[in-house]
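Chemist: Sharing a model that was predicted from the sequence below.
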Amino acid sequence: MKKHIAIIMGGYSSEVEISLKSGNVVYDSLDKDKYDCYRIHILREKWVYVDDNRKEHPIDKGDFSIDIDGQKINFDCVFNAIHGTPGEDGLMQAYFELLNIPQTSCDYYQSALTFNKRDLLSTLRPYGIKSATSFYLNLGDPIDVQAIVDKVGLPCFVKANKAGSSFGISKVYQAEDLGPAIQKAYQEDDEVIIESFLDGTEVSVGVITYKGQTKVLPITEIVSENDFFDYEAKYQGKSKEITPARLSPEQERNVVETAKRAYEVLKMKGYSRSEFIFIGDEPYMLEMNTTPGLTAESILPQQAKTAGISMSELFESAIEEALKKNT
């Protein structure tokens, strides 16, 4: 009997449209002879199954089921394609854990930890994983511009601590621009991380559990036409993404070891995509994404393709890994 697979997409953050694109790519790529697939929109105002005629059917949040013409359908597995909250910060993972429904992303603790950039980097630092010098602010904290500049220098990056897709990020060259940049970041999150500027090659490294093994995918080099890898560069064609990256053998070895170590130290599963900048041969981690973009143009599928893994193989492996947990 075919497994019922719920593909959750949407979410409550600025990344909702990107997530809907990812979720639809997953739906289109999965083999319908193997799985009965259902597009589930998780939105602030509603949780609904959207059928092929665009008709909406409400989700019973008590057991995450749907009713189709009087027939109750429960799901064997959830494929998580939500970028940002509540799919990338642990909320949906904890919900499915309580319901004992397997899901394809990492567990709720790892999801919450990786979504919080400053907690992630602080956790990994004792394991020898390097990151930029940083300054932290919470909404309502006094903003001491001189203290910030003294610690991180200029230029620096101001980021929302818990947000993805480069929302709320600014590169600041002058002290007087710090205040507006911090307010921009606060529009996305009530926590801000301000980091020193690292001048080096930026790469993205996908690490996944594939057919039971931790697999580091071919590395992607990010070359932005803009001043940094912002939303335009990421989603509107203002960057070159070169896979495999143009790295020295030592750089490649170092970043592969670092990305794999981070994945295994955190006891990750499912997909991850970590961003690094090289200072010399040493990779400095910026962040880790646990529900990265999954369209054909997205970095992780590009890396999988270079590794000889098709979209359907990439997605089906995640489902089969999740189903193993409950067997």
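Modeler: That came in fine, so what should we check first?
Chemist: what ranges of the chain fall below the confidence cut-off?
Modeler: Along the chain, the parts satisfying pLDDT under 70 run over 164-166, 226-238, 326-327.
Chemist: Can you check which helix is longest in it?
Modeler: Counting residues, the longest helix found in the chain (DSSP state H) is helix 249-265.
Chemist: Show me how far that helix is from its chain's centre.
Modeler: In terms of Cα atoms, centre = their mean, to the nearest Å, the centre of helix 249-265 is set 18 Å apart from its chain centre.
Chemist: Check which helices and strands it sits against.
Modeler: Helix 249-265 sits against strand 202-210, strand 213-216, strand 271-279, strand 282-289, with contacts defined as 3 or more Cβ pairs under 8 Å, 6 or more residues apart in numbering; DSSP states H and E. Just so you know, the C-beta spots here come from the backbone N, C-alpha and C atoms, and that holds for glycine as well.
Chemist: Would you verify that residue 85 is located in a strand?
Modeler: No: Residue 85 sits outside any strand when classified using DSSP: H, G, I helix; E, B strand; the rest coil, being coil.
Chemist: Any idea how many residues pack against it?
Modeler: Neighbours of residue 85 under the rule other Cβ atoms under 10 Å: 19.
Chemist: which ones are touching it?
Modeler: By Cβ atoms under 8 Å, 6 or more residues apart in numbering, residue 85 lies in contact with 11-13, 91, 115, 162.
Chemist: cutoff 6 Å now
Modeler: Neighbour list for residue 85: 12-13 [criterion: Cβ atoms under 6 Å, 6 or more residues apart in numbering].
Chemist: Residue 204 too?
Modeler: Taking Cβ under 6 Å, 6+ apart, we find residue 204 in contact with 220, 273, 275, 299.
Chemist: Redo those residues as JSON lines? Include neighbour count.
Modeler: Supplementary listing: these in JSON lines, determined by neighbours: other Cβ atoms under 10 Å:
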{"residue": "220", "neighbour count": "23"}
{"residue": "273", "neighbour count": "23"}
{"residue": "275", "neighbour count": "20"}
{"residue": "299", "neighbour count": "23"}
